[in-house]
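> Okay, structure incoming, though there's no sequence with it:
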C-alpha cells in the first residue's frame, strides 16, 4: 500500500456514520445478521457492521445477478401479442464488506455475462454498483482461496479496507471508488473533532502491513493450504478427466439438492420461466442448478439422466470447461461455502484431492 | 458467433434505449401460413409484424420461438435465406410448448429471437463438392434449409444425393414438395424409404442406415446427416465402412436451451455450447467431446 491521497482511515465506531452518509444517495448493502446467520441486506439505522463475521451464507453475487428478476412483460389478447421489456436496474448502490474470494467471484461472472453478447441486466447492475471489500478477520478451516491464486490480503473491488484495531483503512482502487470516498469527504466524525475520512498516515499503513502479514501466516497453516489446481484447467485432458471412474464414488451420496450451487459465488446457470399474473405474463430469470434432473430434460430425454453425471458436470465446469473457455481462469474462488453447507459433506476440495495432482493427497 | 449476434433485433412495444442488442428480448412476429406435413409435424411460416425483415440467417442456424404463457424453445430454421424474408419452422409435436404451437392459427402473433448458432459451411467447405444429404423423420428440418440454399446456387455445388427416410409414407415431411421440386432438380437424385411396408407405397422399405449401405455411394462427397441420435450413430458407422473420413461428415446436435447465447449453462457438451459453438458440428469434432448428448 503506497502513501497517496487515496488511502483514508475511519474509526470503526464511525462506520455507522459512513453508512448513514452514503445512504442519503444510494442503498448500502452489507452483511446483516438475521436469525443467527448473515446475508447481504440494506443498511438502515440500527444495523451495524460485524467485523468478525467472515462469510455471508449466500455470496454477494445476488446483488448483480439476482436469484430472480423479471425480463419481459407480455400481454396476449386473442391472436395479438405485446412485448414490453423490463428496464434494467439503474439505481446506484454500494456493497460493503465483500471478501477477496467473493470479489474474484464477480470477475468469474463478468467473463460470462460481459462477453459479447453482453447481458444487459447484469451489466446495468455492475455499472451502478460500487464494491467495497474488507480483508478477512481470520480465515476458517474451509478457506482455500489461495489455491486459485487469490490474495486474501488484497481483497480488491473499487475500495479495499483493512481493519487495524480501532481504525479501518480505506484504499480506493478505481475512479468509482475514489469518487465514492470523495462524496463523503465533507462529513465530520462523530466526536466532532475532525473529518470522517482523514488521510491515513505512515503509522496507519505500517499497522495495515502488520495485519496482512499476520493473516498470511495463518493462511499458510490452513488444512487446505496445500491444495493445488494441478491436473485441472486448460491443459488437462478433457476426456481423461471426464472418464475417470472415481466420479461415481465421489458423487455416491449426492442428494441433488442444489445447495452448493445456490451458495456458490461463481455458479451462474439460469433458467428462464414464465408466470401469468392474471394481467400479464412475466418472463423472469432465476438461478438454476445443474444438479437438478430437469436442468437438461427435453421431450425426448436427458443427456445426464444420472446424478453422478450431473455432479461431474458441476465440477468439470468449474475446473475444466470454464478454464477452456476463459483463458485458463477457474470458476471456483475457494470461499469454502460448499464445504460448510453440503448436507452430504461433498465438495470441490474432495474432488480436487481425488482427481488432481499427487500433492493434493 | 460474434458477427451473427449483432443482428438488428428491434424491440416492439415500449422500447428501452440501449436494449436493442439484448439477445434475450424477442421481437414481435406473426404466423402467416401453416402447413400440415404429417400427423405430428406442422410447418409454420413466420414473418415480422413491421414488414421489415426479421433477421438474416444461414442454413443450419436456429431461432427461439416464444408463445407467451407456454414458453420458449429453440428450433431449426427450415427455410433457406434464398426463399424470401420469411422464416419457416417444421415442428414436431412432442411436448407442452410444441402442443401449444400446433394449436396456433394463421394470424397468431408470437415472439422470435435469433439467429443462433454456427451454420453449415455452405459458402466454404461445401462449395464445389458433391453433397450427400441423409435425413430421418423430422431431422429433415435443418437439412431442408441447406438443400434449398444449394438449389438456389445450383452451379456452386456438384452432384446432390438426398436419402430421406421416415416411419411411414405419411411421416415423410413435405413429400409433395420433395416430389415436385427436389426430384426434378438437375444433377439431383432423391431416395426415399419407410420403415415398414404399407399399402400404396411402391418405394424402398427399410431403415436409413441399411438403405445407405445398399446404395453404396462413393466417398467422393460431403455427407450431411440429421435424424434421431440412433440413426445418426448407425449412419456414421455405415459411412466409415463406405470409406468416408469423419472430416467429410457434418451433423447438427440438439440439447435443451434457454438463452441461446452460451450463458445459461445447460446445452454444453464438454467445453462446447451447442447453442453457439454448434448446432452444426463436423463429426471429427464430435469425437473430441464427451459422450453426453
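Done, it's in. Being a predicted model, the structure only gives us computed values, none of them experimental.

> going forward, measure contacts between C-alpha atoms and count neighbours the same way
Fine.

> what's in contact with whichever strand or helix holds residue A:214?
Remark: residue A:214 resides in helix A:202-220, with elements defined by DSSP states H and E. Contact with helix A:202-220 is made by A:1, A:3, A:138, A:139, A:153, A:162, A:163, A:164, A:169, A:225, as judged by Cα atoms under 8 Å, 6 or more residues apart in numbering or on different chains.

> Likewise for stretch B:206-213?
Residues from elsewhere that reach stretch B:206-213 (Cα under 8 Å, 6+ apart): B:134-136, B:163-165, B:193-196, B:231, B:234-235, B:238, B:242.

> Kindly recompute the last result at 7 Å.
Stretch B:206-213 is touched from outside by B:165, B:193, B:194, B:195, B:196, B:231, B:234, B:235, B:238, with contacts defined as Cα atoms under 7 Å, 6 or more residues apart in numbering or on different chains.

> now, which of the residues you listed sits nearest chain A?
The closest of those to chain A turns out to be residue B:231 (Cα to the nearest Cα; 14.6 Å).

> Wasn't that closest one part of a strand?
No - assessed with DSSP: H, G, I helix; E, B strand; the rest coil, residue B:231 is helix; it does not lie in a strand.

> Counting neighbours, which bits of the helix holding residue A:214 end up buried?
A:204, A:205, A:207, A:208, A:209, A:211, A:212, A:215, A:216, A:219 (16 or more other Cα atoms under 10 Å in any protein chain shown).

> Please apply the same query to stretch A:81-94.
Using 16+ other Cα under 10 Å as the test for burial, stretch A:81-94 gives A:81, A:82, A:83, A:84, A:85, A:86, A:87, A:88, A:89, A:92, A:93, A:94.

> Double-check that residue A:254 belongs to a strand.
No - assigned with three-state DSSP, residue A:254 falls outside any strand and is coil.

> Please parse chain B into its domains.
Domain segmentation of chain B under automatic domain parsing yields B:2-116, B:131-252.

> Is it possible to get TSV of the ones you listed that adds mean neighbour count?
Shown next, in TSV, are the domains of chain B (neighbours: other Cα atoms under 10 Å in any protein chain shown):
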stretch	mean neighbour count
domain B:2-116	20
domain B:131-252	18
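
> Redo those as CSV? Include distance to residue A:16 and mean pLDDT.
Formatted as CSV, the domains of chain B follow (distance: least, Cα to Cα, whole Å; pLDDT from 0 to 100):
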stretch, distance to residue A:16, mean pLDDT
domain B:2-116, 37, 84
domain B:131-252, 59, 95
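
> now these in TSV, with distance to residue A:174?
Converted to TSV, the domains of chain B look like this (distance: least, Cα to Cα, whole Å):
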stretch	distance to residue A:174
domain B:2-116	25
domain B:131-252	46
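
> Let me know the closest of the buried residues of helix A:202-220 to chain B.
residue A:219 (32.8 Å).

> need the strands for chain A, in chain order.
A:7-11, A:27-34, A:37-42, A:68-77, A:80-85, A:93-98, A:129-134, A:159-164, A:167-172, A:270-276, A:281-287 (DSSP state E).

> any chance of those strands in JSON lines, plus distance to residue A:333?
Below are the strands of chain A laid out as JSON lines (distance: least, Cα to Cα, whole Å):
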{"stretch": "strand A:7-11", "distance to residue A:333": "27"}
{"stretch": "strand A:27-34", "distance to residue A:333": "19"}
{"stretch": "strand A:37-42", "distance to residue A:333": "18"}
{"stretch": "strand A:68-77", "distance to residue A:333": "23"}
{"stretch": "strand A:80-85", "distance to residue A:333": "34"}
{"stretch": "strand A:93-98", "distance to residue A:333": "13"}
{"stretch": "strand A:129-134", "distance to residue A:333": "15"}
{"stretch": "strand A:159-164", "distance to residue A:333": "18"}
{"stretch": "strand A:167-172", "distance to residue A:333": "23"}
{"stretch": "strand A:270-276", "distance to residue A:333": "20"}
{"stretch": "strand A:281-287", "distance to residue A:333": "19"}
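
> Could you dump these into JSON lines and include distance to residue B:98 and mean pLDDT?
Below are the strands of chain A laid out as JSON lines (distance: least, Cα to Cα, whole Å; pLDDT from 0 to 100):
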{"stretch": "strand A:7-11", "distance to residue B:98": "60", "mean pLDDT": "95"}
{"stretch": "strand A:27-34", "distance to residue B:98": "44", "mean pLDDT": "96"}
{"stretch": "strand A:37-42", "distance to residue B:98": "41", "mean pLDDT": "95"}
{"stretch": "strand A:68-77", "distance to residue B:98": "18", "mean pLDDT": "93"}
{"stretch": "strand A:80-85", "distance to residue B:98": "18", "mean pLDDT": "92"}
{"stretch": "strand A:93-98", "distance to residue B:98": "42", "mean pLDDT": "98"}
{"stretch": "strand A:129-134", "distance to residue B:98": "41", "mean pLDDT": "98"}
{"stretch": "strand A:159-164", "distance to residue B:98": "51", "mean pLDDT": "96"}
{"stretch": "strand A:167-172", "distance to residue B:98": "54", "mean pLDDT": "96"}
{"stretch": "strand A:270-276", "distance to residue B:98": "16", "mean pLDDT": "94"}
{"stretch": "strand A:281-287", "distance to residue B:98": "18", "mean pLDDT": "95"}
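
> Tell me which of those sits nearest to residue B:75.
For the strands of chain A, distance to residue B:75 was read as Cα to Cα. The smallest value, 16.5 Å, belongs to strand A:270-276.
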